[in-house]
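Enquirer: I would like the atomic coordinates for the input below:
(one chain, ligands or ions: 3)
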Amino acid sequence: MRTVEEHQAVVAGLLAPLPVEEVALAAAAGRVLARDLPALVSLPGFTNSAMDGYAARHAEVGGASEDSPVRLPVVEDVPAGRSDGPPLQPGTVHRIMTGAPVPDGADVIVPVERTDAATDVVTVTGSPAAGTHLRHAGEDIRAGELAMPAGTALGAAQLGLAAAVGYATVPVRRRPRVLVLSTGSELVEPGLPLAMGQIYESNSVLLAAAVTEAGGEARTLHFVPDDVDQFLATVRAELSWADVLVTSGGVSAGAYEVVKDAFRELGTVEFGKVAMQPGGPQGAGTVDGVPVITLPGNPVSSFVSFEVFVRPALRRALGHASPDRLRTAARLTAPLRSPAGRRQFLRGRFDGAVVDQVGGPGSHLVAHLARANCLVVVPEDVTELPEGAQVAVVLIEGALQ
Ligand SMILES: Nc1nc2c(c(=O)[nH]1)N[C@H]1C(S)=C(S)[C@@H](COP(=O)(O)OP(=O)(O)OC[C@H]3O[C@@H](n4cnc5c(N)ncnc54)[C@H](O)[C@@H]3O)O[C@H]1N2
Ligand code: MOO
Ligand SMILES: [Mg+2]
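Expert: Numbering: from 1, shown residues only. Ligands and ions are numbered 1, 2, ... in the order given. Purely as a prediction, here's the structure:
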């Protein structure tokens with residue numbers, strides 16, 4: 001039996017980082033920066049005002065108060081975008097807007113609220129300290145400095161920064177193309193009537209959504225019954241498109257294990273057990289040169305196997321610095337038991353400090369899975385944990401990442 005790490009290494013070895021492409025920022029969310037990105041401009045690009053108000057000399061307005069206001073002529077109007085403003089002459093102020101360049105000679109911005117807002121001669125009734133409300137050129141980042149290193153995951157803030165420092169496109173790795181194929185003669189398309197013994201097919205949508213969420217491009221093949229010829233024909237029709245094929249079902253010890261039977265004949269996919277629960281039966285290898293990862297069919301097993309093996313491989317292909325999702329520690333609200341010799345991934349609900357187990361260990365419990373926001377990881381050598389024990393949790397809910 002393989003350890004989790006051994007099988008992770010086998011799966012990781014199947015998928016190398018994908019080629020780099022230049023992508024428009026609007027299309028780059030969820031990708032990973034493939035090269036270091038130096039800032040093309042400084043931020044701020046020029047010293048500018050943080051407030052709508054008046055650019056002034058503190059020596060002239062610092063003493064202003066309601067009882068002893070200071071009156072000064074307004075000699076310039078500086079909206080955002082104006083580039084030709086003259087220096088501030090002693091004894092005058094410029095009316096200035098947020099984001100507009102601060103004139104040379106000004107060392108304070110008096111917010112409009114501390115004046116009478118006049119446009120000819122302004123009455124200042126108070127001033128902040130010298131230097132207040134000036135946003136200095138380069139205080140955030142300077143041109144040429146590293147804005148983001150290779151390996152940075154591009155979310156909203158990172159894409160905003162890429163644009164702010166002057167990039168229209170970013171170098172990212174291509175999305176991994178993942179072919180998803182579920183197997184099982186009992187499966188029926190959701191929405192159609194069910195006969196006794198049949199169930200709705202749910203792993204395709206689960207796995208395709210997991211692929212998309214992990215940054216991959218999913219193509220879902222219509223699920224096939226437990227028929228080796230039909231399975232292989234379906235796989236071969238689409239395989240050349242894929243960077244990796246992920247299958248569900250047909251890998252355990254039964255008489256109709258279609259995935260195992262089909263790929264065992266080809267001799268390039270290894271099947272075996274991994275010391276974990278759920279997700280014990282696993283397989284990995286290549287078919288016609290394309291990486292194949294075969295996940296067990298129980299829906300929770302498929303989900304957990306994706307998290308433990310497929311997601312890290314996809315993250316590596318995308319160029320993420322870390323193969324793992326966010327992991328943290330939590331205290332159990334109730335005792336739990338775990339089988340010896342297996343790493344257990346229980347479903348949990350984590351609130352930032354403690355974790356409740358959600359449902360039992362059964363790998364058919366999809367309703368419980370959907371209520372969970374984390375996996376509780378119980379090491380192989382731990383069989384019992386008391387209430388209050390500290391456990392590792394892997395966050396599985398987008399909102400918590
Ligand atoms: N004698 C043994 N039996 C089983 C073992 C074992 O070691 N010895 N392992 C068990 C474990 S653990 C798992 S996990 C499953 C894995 O089985 P398969 O990968 O062969 O999957 P199936 O038999 O095809 O299906 C298992 C289960 O999941 C349901 N299923 C499958 N595909 C889907 C789908 N696309 N959507 C919804 N539900 C699906 C299927 O109906 C079965 O109930 O084997 C155990 N048995
Ligand atoms: O290992 Mo199976 O994946 O528990 O149900
Ligand atoms: Mg089976």
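
Enquirer: so which residue of the chain comes closest to ligand 1?
Expert: Per C-beta to the nearest ligand atom, the residue of the chain with the smallest distance to ligand 1 is G297, at 2.6 Å. For every residue, glycine as well, the C-beta is placed using N, CA and C.

Enquirer: Leaving out sequence neighbours, find the closest residue to that residue.
Expert: G249 (3.0 Å; C-beta to C-beta, 6 or more residues apart in numbering).

Enquirer: I figured that neighbour hits N203, correct?
Expert: Yes. With contact taken as C-beta atoms under 8 Å, G249 and N203 are classed as touching, separated by 7.2 Å.

Enquirer: Give the residues shared as contacts by these two.
Expert: Any residue near both G249 and N203 by C-beta atoms under 8 Å, 6 or more residues apart in numbering counts here, and that gives 182, 297.

Enquirer: ok, V376 to I396 distance?
Expert: Counting by C-beta to C-beta, to the nearest Å, the gap between V376 and I396 amounts to 11 Å.

Enquirer: neighbours of the nearest residue to P296 once chain neighbours are set aside, just the number please.
Expert: With C-beta to C-beta, 6+ apart as the measure, P281 is the residue that lies nearest to P296, at 4.7 Å, once sequence neighbours are left out. When neighbours are counted by other C-beta atoms under 10 Å, P281 registers 24.

Enquirer: I'd assumed A275 was in contact with P281.
Expert: No. If you go by C-beta under 8 Å, P281 and A275 don't touch, sitting 11.8 Å apart.

Enquirer: Return the set of residues that bridge with the residue lying closest to S252 once chain neighbours are set aside.
Expert: Spatial nearest neighbour of S252, excluding adjacent residues (C-beta to C-beta, 6+ apart): P281 at 4.6 Å. According to DSSP bridges, the residues that bridge with P281 are K273.

Enquirer: mind listing what P281 touches?
Expert: Taking C-beta under 8 Å, 6+ apart, we find P281 in contact with 251-253, 271-274, 296, 301.

Enquirer: Any of those residues buried? List them.
Expert: Members of the contacts of P281 that pass the buried threshold by neighbour count (16 or more other C-beta atoms under 10 Å) are listed as 251-252, 271, 273-274, 296, 301.

Enquirer: quick one: which of the residues you listed sit in helices?
Expert: Using DSSP state H, S301 are the members of these that sit in helices.

Enquirer: Using TSV, please lay out the buried ones among the contacts of P281 together with pLDDT.
Expert: Rendered in TSV, the data for these read as follows (pLDDT from 0 to 100):
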residue	pLDDT
V251	97
S252	94
F271	96
K273	97
V274	98
P296	98
S301	98
